[in-house]
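**Student:** 3D model of this:
(chains A and B)
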Amino acid sequence: MTTEPATGAERPRRPRSRAALATIWASAALFLALLAVMAARVSAGQDPALRARAAATPPPTRRILIRRVIEKRVIVHLPPSAPTPATSSSQQLSSLGATTFPVPVTRTS
Amino acid sequence: MSPGHDLTFHSMGSDIRLIVGPALLRGLPSPADAAARERRYIEDFARRLSRFRPESELCAFNADRLREVPTSPLLRTAVAAGLWAAQRSGGLVDPTLVGELERVGYEHSQDGGTPASLRAALAAAPEPSPARARPEARWRQVEIDDEHGTIRRPPGVRIDTGGIGKGLAADAVAHRLRGYTRFVVDCGGDIAVGGVGGQIDPFAIEVEHPLTGECVQTLHVMRGGVATSGMNVRIWKRPDGTFAHHLLDPSSGEPVWSGLIGATALAPTALEAETLSKLALLTGADGARRALAEHGGVIVHNDGDVEPIGAIATSGGRGSLALGSAA
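**Tutor:** I've put the predicted structure just below:
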């Protein structure tokens, strides 16, 4: 029984681990580089995603309607001694059937 | 638009006057037809509720010996109005004084008769004293049962619708004329006025002096009731030489001499105005001032002096008196 075959089997693994390690480091470096570029653009306000959305939906136009209400009030001051129905209401009186019948009298019955 | 109509006729022992303006809506009878219709209503009302017609429903009710008597809705309404007036007046306007009225000589209608001299009666009258209610109020024993269509009262208790009936009739006809622009229903001095036309052109109603017959006040009323009670028409000389009239002191059963000879009241309805005018006359000047303070009125003292009360005193009878609810 010997240990030779086991020692011989570990030798070819070394060059493959070195290549893989180099690939990993290169990928990480490239990722960090790209990340740095993108972070710099975003911090400068040049986010491409935001710019595209803003272009798709224009800001809504606000419309403000201004109405001007003008109210006219006519105040007529009648002399205190004037009887209640003014002469100007004669048209209404005739349309409402005011009559010229003798005045009713309340008396003892 | 058809013009209004003015109809005067005699019923209920008094002159009745109906003034009907144009109709508010198409399809209603003309003012003349409406006035004729209401005349028939009033004549039927008087025929059924007269104390002086033996064939009337009221006389049949009074003569009935049963405690509970089946009656028509009209009679129940009239009796209810009498009970309401008694309640409103604290028992002074008592509808159960039929026996007392007969004892003082008012057994038959005095329609068409010549009244005695009021001046002579005042000269012989005792010291003025206000009327008082009866301690044992018979009117409180009268019960109306609309569910069974009956009136219950102790046998022997009789009812007189009297002036209350006139006020009730005026209000009923006014209600029936509500489709017309303006109307006046005058049942012997108990007046109901209404219609939208009165809001613009208030009705002018003159108050007649009981001694001179002159107009002592002109009232301008938009809507509501006006009534006058006095002792110048139904007054007579008894066989013993004393004078009597139809307004009795419930506590004594004798004619009241309160110091007043006439009282006119305004109120939301003619029924209430009739009640208040009687209450004023029965209670004398002080009581009248209290009774008429809310809606206004006019009283005439024994010496003929005229005293406006309430809104009439402050307005001098001029301007418009808005009576009743807004509805």
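**Student:** Pretty sure B:Ala244 sits in a strand.
**Tutor:** Yes: counting by DSSP: H, G, I helix; E, B strand; the rest coil, B:Ala244 is found in a strand.
**Student:** what's it in contact with, if anything?
**Tutor:** Neighbouring residues of B:Ala244 by Cβ atoms under 8 Å, 6 or more residues apart in numbering or on different chains: B:Val104, B:Gly105, B:Tyr106, B:Ile235, B:Trp236, B:Lys237, B:Arg238, B:Glu254, B:Pro255. The way it works is simple: take the backbone N, C-alpha and C, and place the C-beta from them, glycine included.
**Student:** Skipping adjacent residues, who's closest to the fourth one in space?
**Tutor:** Ranked by Cβ to Cβ, 6 or more residues apart in numbering or on different chains and with sequence neighbours excluded, the top spatial neighbour of B:Ile235 is B:His245, at 4.2 Å.
**Student:** Based on its surroundings, how many neighbours for the one you found?
**Tutor:** 24 (other Cβ atoms under 10 Å in any protein chain shown).
**Student:** circling back: what about burial for the contacts of B:Ala244, which qualify?
**Tutor:** B:Val104, B:Gly105, B:Tyr106, B:Ile235, B:Trp236, B:Lys237, B:Glu254, B:Pro255 (16 or more other Cβ atoms under 10 Å in any protein chain shown).
**Student:** Find the nearest non-adjacent residue to the first one, please.
**Tutor:** Using Cβ to Cβ, 6+ apart and skipping residues adjacent in sequence, the residue nearest B:Val104 is B:Ala244, 4.5 Å away.
**Student:** For whichever residue of the stretch 201-327 of chain B sits closest to chain A, what are phi and psi?
**Tutor:** Closest contact between the stretch 201-327 of chain B and chain A, by Cβ to the nearest Cβ, is at B:Gly230 (3.2 Å). When read as degrees, to the nearest 10, the backbone of B:Gly230 gives phi -160, psi 170.
**Student:** wouldn't B:Ile235 be in contact with B:Phe243 here?
**Tutor:** Yes: contact between B:Ile235 and B:Phe243 holds when scored by Cβ atoms under 8 Å: they sit 6.4 Å apart.
**Student:** Mind listing the shared neighbours of these two?
**Tutor:** B:Ala116, B:Ala121.
**Student:** Can you list the low-confidence ranges for chain B?
**Tutor:** B:1-2, B:315-327 (pLDDT under 70).
**Student:** if we can go back for a sec, need the buried ones among the contacts of B:Ala244 in a markdown table with secondary structure and distance to B:Ala131, can you?
**Tutor:** Formatted as a markdown table, those follow (DSSP: H, G, I helix; E, B strand; the rest coil; distance: Cβ to Cβ, whole Å):
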| residue | secondary structure | distance to B:Ala131 |
| --- | --- | --- |
| B:Val104 | coil | 14 |
| B:Gly105 | coil | 18 |
| B:Tyr106 | coil | 16 |
| B:Ile235 | strand | 16 |
| B:Trp236 | strand | 19 |
| B:Lys237 | strand | 21 |
| B:Glu254 | strand | 10 |
| B:Pro255 | strand | 10 |
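**Student:** follow-up on the earlier one: quickly check the contacts of B:Ala244 for the two that are furthest apart.
**Tutor:** B:Lys237 and B:Glu254 (14.9 Å; Cβ to Cβ).
**Student:** What count of nearby residues applies to the residue lying closest to B:Arg178 once chain neighbours are set aside?
**Tutor:** Closest residue to B:Arg178 apart from its sequence neighbours, by Cβ to Cβ, 6+ apart: B:Gly194 at 6.8 Å. By other Cβ under 10 Å, the residues close to B:Gly194 number 26.
**Student:** Could you measure from B:Gly194 over to B:Asp286?
**Tutor:** 33 Å (Cβ to Cβ, to the nearest Å).
**Student:** do B:His245 as well
**Tutor:** 21 Å.
**Student:** With B:Thr314 instead?
**Tutor:** 19 Å.
**Student:** do the same with B:Ala86
**Tutor:** In terms of Cβ to Cβ, B:Ala86 sits 21 Å off from B:Asp286.
**Student:** ditto for B:Gly189
**Tutor:** Counting by Cβ to Cβ, the gap from B:Gly189 to B:Asp286 is 24 Å.
**Student:** next one: A:Trp25
**Tutor:** For A:Trp25, the distance to B:Asp286 - Cβ to Cβ - is 121 Å.
**Student:** quick one: which of B:Ala86 and B:Asp286 has more around it?
**Tutor:** Neighbour count, other Cβ under 10 Å: between B:Ala86 and B:Asp286, B:Ala86 has more, with 24 against 11.
**Student:** Under a three-state scheme, what state does that one occupy?
**Tutor:** Three-state call for B:Ala86 (three-state DSSP): helix.
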